[in-house]
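Q: Following is a predicted model, sequence given first.
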Amino acid sequence: MRLLGPRTFWLFAGLIVLIESIYLAEEFTTLLGFIVENGGTIWDTLRLSLLKLPEVVDFALPIAVLIALYFAIVGARETNELVVCAAAGVPWTRVPGFAAIVGALGFCLSLAFASWITPTALYTQRILAKTIEARSVVREITEPGHKNSIRRLDGRSYIATPPADLTKERGHLFIFEPDTGDGWRASQADDWSVIGPREDESYAIQLKSYRDYTGRTPEQQARLDQDQAPVQSAFQAAQWNVQNVALVFRLEELIKPIDLQRRSNERVVLLPIVAVATGAQAQWQSINGVVGQISGRALGCILAALTAVACAAGSGTWIGRVAGVPVGVLVVLAGDVVARAVLAEAAMRGPAEFAASFALSLLVMILLPMAYVLWRREALIVPRRGQG
């Protein structure tokens with residue numbers, strides 16, 4: 001109906017924007033901390049924020065549909081617009097018919113988000129976050145900075161301090177190796193630089209004014225004594241002033257390769273669902289673990305749309321006006337939980353059982369609110385002040 005369509009759309013859009021804003025406000029502190037820690041850009045912040053939006057849309061859809069439709073119908077009724085339409089010969093069934101269309105659109109939108117948009121966003125978000133971390137590591141290694149940096153390479157711990165004198169490019173570099181086979185080893189360089197990347201994409205840490213210390217823990221000394229090794233000092237120190245001590249490493253040793261394999265919550269299941277719906281039963285095993293959850297939540301949009309009509313029909317009394325939306329929310333949430341549980345169990349038993357359970361759930365979600373609407377159909381059209 002052109003009367004309810006614009007109202008419903010703008011109310012729905014406003015609710016989704018409000019919910020997304022609240023969600024991003026809660027997540028923004030963590031997101032900003034990650035960006036600052038890894039030296040990200042404003043563009044990185046914007047992309048990660050946008051990729052977080054689909055996570056909450058699927059959960060918010062049924063509630064947004066319920067509230068938007070409820071206030072659109074009540075607003076049109078209280079301004080006598082529905083009465084004028086009824087006087088012009090428009091049947092009252094057009095209101096629940098419009099709600100059914102909105103519920104069907106919500107069902108398709110929920111299905112698209114849960115099976116395609118949200119998994120793709122989660123996958124892209126994880127890859128982007130790992131890329132930002134890797135980029136930060138490369139920048140930290142190859143570019144001097146004014147903060148302490150701690151990294152591990154090939155069993156060694158590297159600690160780089162900022163320069164005490166701002167005229168110097170780098171500060172001290174400490175290297176600690178906990179066990180070289182004959183004890184620990186610690187090194188320090190006051191003049192060092194990173195050279196690379198080379199042709200083989202490797203880097204070299206060039207050490208100058210280099211001091212090296214070795215020693216053994218009590219446990220290592222005890223093992224040497226037990227093996228009847230020659231008595232050696234537990235602590236040794238030496239210092240070299242050399243020009244060409246270099247430790248070669250590759251970034252692959254420092255940066256864990258990004259896992260491009262999709263995780264369980266990142267798998268796109270829209271195409272397998274379509275394939276099963278068109279008769280490709282061989283695809284069922286790949287989706288039976290999630291199709292019940294996805295379809296149960298999508299059915300919640302249909303229940304929410306028709307429940308909004310029932311709540312609007314019951315809002316003619318003072319109690320109905322106060323309790324209408326809270327009761328409707330409880331009905332939708334309860335229906336969502338029950339539908340997902342029933343359909344998830346049916347999906348594990350096979351496509352035939354799932355199809356029967358899906359049809360039965362859809363029928364119940366339509367009949368229950370529509371039975372109440374049929375009983376209160378006059379109150380759906382007549383404003384509250386005109387009801388006897």
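A: That came through, no problem.

Q: Please look at Arg211 and Ile175 and confirm they touch.
A: No - counting by CB atoms under 8 Å, Arg211 stays clear of Ile175, with 10.5 Å between them. C-beta: built from backbone N, CA, C; applies to glycine.

Q: These two: which has the busier surroundings?
A: A direct count of neighbours by other CB atoms under 10 Å for Arg211 and Ile175 places Ile175 higher, at 21 against 15.

Q: Ramachandran coordinates for the more buried one?
A: Listed backbone geometry of Ile175 is phi -130, psi 130, with angles given as degrees, to the nearest 10.

Q: In which helix or strand does the nearest residue to it once chain neighbours are set aside reside?
A: Of all residues not flanking Ile175 in the chain, Ser187 sits nearest, at 4.3 Å (CB to CB, 6 or more residues apart in numbering). For Ser187, the enclosing helix or strand under DSSP states H and E is strand 184-195.

Q: partners of that strand in the sheet?
A: Counting by DSSP bridges, the strands paired with strand 184-195 are strand 173-177 (antiparallel), strand 202-215 (antiparallel).

Q: For Ala359, find the nearest of those strands.
A: strand 202-215 (62.2 Å; CB to CB).

Q: Quick one: low-confidence residue ranges for the stretch 51-200 of the chain.
A: By pLDDT under 70, the low-scoring segments of the stretch 51-200 of the chain are 137-148, 151-154, 166-169, 179-182, 191, 196-198, 200.

Q: which stretch in the strands paired with strand 184-195 is the model least sure about?
A: Among the strands paired with strand 184-195, strand 202-215 carries the lowest mean pLDDT, a mean of 71.

Q: For Cys121, the count of nearby residues, please.
A: Careful, residue 121 is Ala and not Cys. That count, for Ala121 with other CB under 10 Å as the rule, works out to 19.

Q: hang on, isn't it packed against Asp58?
A: No - at 10.9 Å, Ala121 does not count as touching Asp58 under the criterion of CB under 8 Å.

Q: Touching both of Arg211 and Ile175, which residues are there?
A: Ser187, Gln188, Ala189 (CB atoms under 8 Å, 6 or more residues apart in numbering).

Q: my read: the first one touches Tyr210, true?
A: Just to be clear, that refers to Ser187. Yes - using CB under 8 Å, Ser187 makes contact with Tyr210 at a distance of 6.6 Å.

Q: Tell me where the chain has strands.
A: Taking DSSP state E as the test, the strands found in the chain are 149-153, 156-160, 173-177, 184-195, 202-215, 235-240, 245-250.

Q: So which bits of the fourth one are buried?
A: Which is strand 184-195. Arg185, Ala186, Ser187, Gln188, Ala189, Asp191, Trp192, Val194 (16 or more other CB atoms under 10 Å).

Q: which residue packs closest to the first one, ignoring adjacent ones?
A: With CB to CB, 6+ apart as the criterion, Arg185 has its nearest non-adjacent residue at 4.5 Å, and that residue is Glu177.
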